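Colleague: structure for the following, please:
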Amino acid sequence: MAAKYINPFTDFGFKKIFGEEASKPLLIDFLNALLPEEGKITELTFKNTEQLGDSRIERKAIFDIYCENERGEKFIVEMQKTKQDSFKERSLYYSTFPIREQAEAGQVWNYGLKGIYCIGLLDFVFDDYYFGEEEDEGLHIIELKNQRGKVFYNKLAFIYLELPNFKKEENQLVTRLDKWFYFIKHLKDLQAIPAMLKEEVFVQAFAKAE
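Modeller: Prediction:
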C-alpha cells in the first residue's frame, strides 16, 4: 500500500511539517509540549539556519530549524535518522552559535544571555545513556547541574527524543508530548488520522503531511 503521509525523518518531510511559515502553529505546539508551563511560547520567528564561523577556516553549521521566541530565547531543532555517535558533541557545538550571536561587537553587554534550547529528534538511541526499560520512555532533558543534582544554570538545555524508545500504543497516549511522539514515530505508516489525534493541531499536521 502506498504511503499516504510524508516521512518526518526526511529533510523534506521534517521541514514541511515544522519548518515553514505556515507550520509555525505546529512547531509552537510541539515545543510547548517540551517546555515547562512558565516557558510556554506564543510567537516564533525563523532565523537563518546557516551559521558561519568567526573566520574563514572555522567550520560553519547548518541547522534544520533555528528560531527565536517572543522573549529572545533561541531554539535549534535537529532531526537525525541515521545513528551518529557524536550527536551529543554536535549539539554542544551547535549551541555555541546562539551564544556567540548574543555578544554583538560595539554593544554594551553584561554577559546576560537569553535561553538556548537544542532539541534533537532521533531515530536511534544513545548507546551510553540508558536507565532501563521502566525509566526510559525516550525523552532526555539535560541541564547544567551541580554535584548535588541542583540546576546551576537554567538557560541552556539539551532535549533529546529517542523515537525507538517510545513504546506507547494509541490507547495509552495521555499528554501532548505523548501524542507528538506517536505522530512523529508512526506518521509514515498511517493511512488515516487516529482517533486520539483528532485535535485541531494534529489535523493540521496531517494535512501538511499529505
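
Colleague: contacts for the longest helix seen in the chain next, please.
Modeller: Counting residues, the longest helix in the chain under DSSP state H turns out to be helix 87-101. Contacts to helix 87-101, defined as CB atoms under 8 Å, 6 or more residues apart in numbering, come from residues 51, 54, 61, 63, 66, 74, 76, 78, 80, 84, 113, 116, 118, 120, 122, 126, 156, 158. C-beta: built from backbone N, CA, C; applies to glycine.

Colleague: right, and the helix or strand after it?
Modeller: Sequence-wise, the next helix or strand downstream of helix 87-101 (DSSP states H and E) is strand 116-122.

Colleague: circling back to that earlier point, give me the buried entries from the contacts of helix 87-101.
Modeller: Under a neighbour-count criterion of 16 or more other CB atoms under 10 Å, the subset of these counted as buried comprises 51, 61, 63, 66, 74, 76, 78, 80, 113, 116, 118, 120, 122, 126, 156, 158.

Colleague: ok, the closest residue to the last one other than its chain neighbours - contacts?
Modeller: Pointing back at Phe158 there. When the adjacent residues along the chain are set aside, Phe158 lies closest to Ile142, with 4.1 Å between them (CB to CB, 6 or more residues apart in numbering). Applying CB under 8 Å, 6+ apart, one finds that Ile142 lies in contact with Ala157, Phe158, Ile159, Tyr160.

Colleague: doesn't Ile142 belong to a strand?
Modeller: Yes - looking at Ile142 with DSSP: H, G, I helix; E, B strand; the rest coil, it is inside a strand.

Colleague: distance of it from Val108?
Modeller: Separation of Ile142 from Val108 (CB to CB, to the nearest Å) stands at 32 Å.

Colleague: ok, what's across the strand from the spatially most central residue of the chain?
Modeller: Geometric centre of the chain, nearest residue: Ile119, 3.4 Å, by CA atoms, centre = their mean. Judged by DSSP bridges, the bridge partners of Ile119 are Val77, Ile159.

Colleague: please verify my assumption that Lys4 contacts Ala207.
Modeller: No - at 11.6 Å, Lys4 does not count as touching Ala207 under the criterion of CB atoms under 8 Å.

Colleague: so for these two, which sits in the more crowded spot?
Modeller: Between Lys4 and Ala207, counting by other CB atoms under 10 Å, Lys4 is the more crowded of the two (14 against 10).

Colleague: looking at the buried ones among the contacts of helix 87-101, which is nearest Pro164?
Modeller: For those, the residue nearest Pro164 by CB to CB is Leu122; the value is 8.2 Å.

Colleague: identify the residues contacting the closest one.
Modeller: Residues touching Leu122, when contacts are defined by CB under 8 Å, 6+ apart, comprise Gln80, Phe87, Tyr160, Leu161, Glu162, Leu163.
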